[in-house]
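**Student:** Quick check, what structure comes out for this input:
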Amino acid sequence: MFWNKSKKVSQEGLELSEKCQAEAEQLYRSGKYHCAEAVLEVVRRHFAAELPESIVGTVSGFGAGSGSGCICGAVSGGTVALGLVLGDKKETTQLTKDLHVWFKEKYGVTCCKTIRQTHKGACPVLTGEVAGKIAEMLGSK
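**Tutor:** Numbering: from 1, shown residues only. Prediction:
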């Protein structure tokens, strides 16, 4: 079953979403993780704790729009996180599309370079927001 946009998120799911949002923002601000790493680490902790922390290294190249300023690293890291947790191609594809639509509605684009110009200083916040959105999506399954 895919994430249902009209399905209400439980209070517990909302609390987890808010917790994931705060944790990802904090990890980003710590300087130890960039956007993609922070999102993946928080999702790993709460939805796939059996995976080793070293899995976060698989998204190290996605920071700053994969080094070229292209797609937002938080969105890229979130896409990887969805795939790791769900393990289902069709479901991951659908939730990834939903994530992109949500992000574009919020920030106008998924291009890191553009976001950094139009929303200066937003990276820590949007990193948290992406982690929270993924937690919300996974929590309403």
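**Student:** C-alpha from now on. contacts and neighbour counts both.
**Tutor:** Noted.
**Student:** give me phi/psi at residue 111?
**Tutor:** phi -80, psi 120 (degrees, to the nearest 10).
**Student:** Touching, it and residue 73? I think so.
**Tutor:** No: taking CA atoms under 8 Å as the definition, residue 111 is not a contact partner of residue 73, at 9.2 Å.
**Student:** quick one: which of those two has more around it?
**Tutor:** Between residue 111 and residue 73, counted using other CA atoms under 10 Å, residue 73 has the larger neighbour count: 30 against 19.
**Student:** Tell me how far the more buried one lies from residue 49.
**Tutor:** 22 Å (CA to CA, to the nearest Å).
**Student:** cool, and residue 28?
**Tutor:** If you go by CA to CA, the gap between residue 28 and residue 49 works out to 19 Å.
**Student:** cool, and residue 137?
**Tutor:** Taking CA to CA, one finds residue 137 at 18 Å from residue 49.
**Student:** higher neighbour count, those two?
**Tutor:** residue 137 (21 against 13).
**Student:** Report the secondary structure element holding the more buried one.
**Tutor:** Element membership of residue 137 [criterion: DSSP states H and E] is helix 123-139.
**Student:** Any stretches of this protein with poor pLDDT?
**Tutor:** Applying pLDDT under 70 to the chain flags residues 1-14, 65-66, 141.
**Student:** Do you have the helices of it handy? List them.
**Tutor:** 11-30, 35-47, 63-64, 73-86, 89-107, 112-118, 123-139 (DSSP state H).
**Student:** which of those helices sits most buried?
**Tutor:** With neighbours defined as mean count of other CA atoms under 10 Å, the helices of the chain peak in mean count at helix 35-47, which reaches a mean of 27.
**Student:** Check which helices and strands that helix is in contact with.
**Tutor:** Counting by 3 or more CA pairs under 8 Å, 6 or more residues apart in numbering; DSSP states H and E, the packing neighbours recorded for helix 35-47 are helix 11-30, helix 63-64, helix 73-86, helix 123-139.
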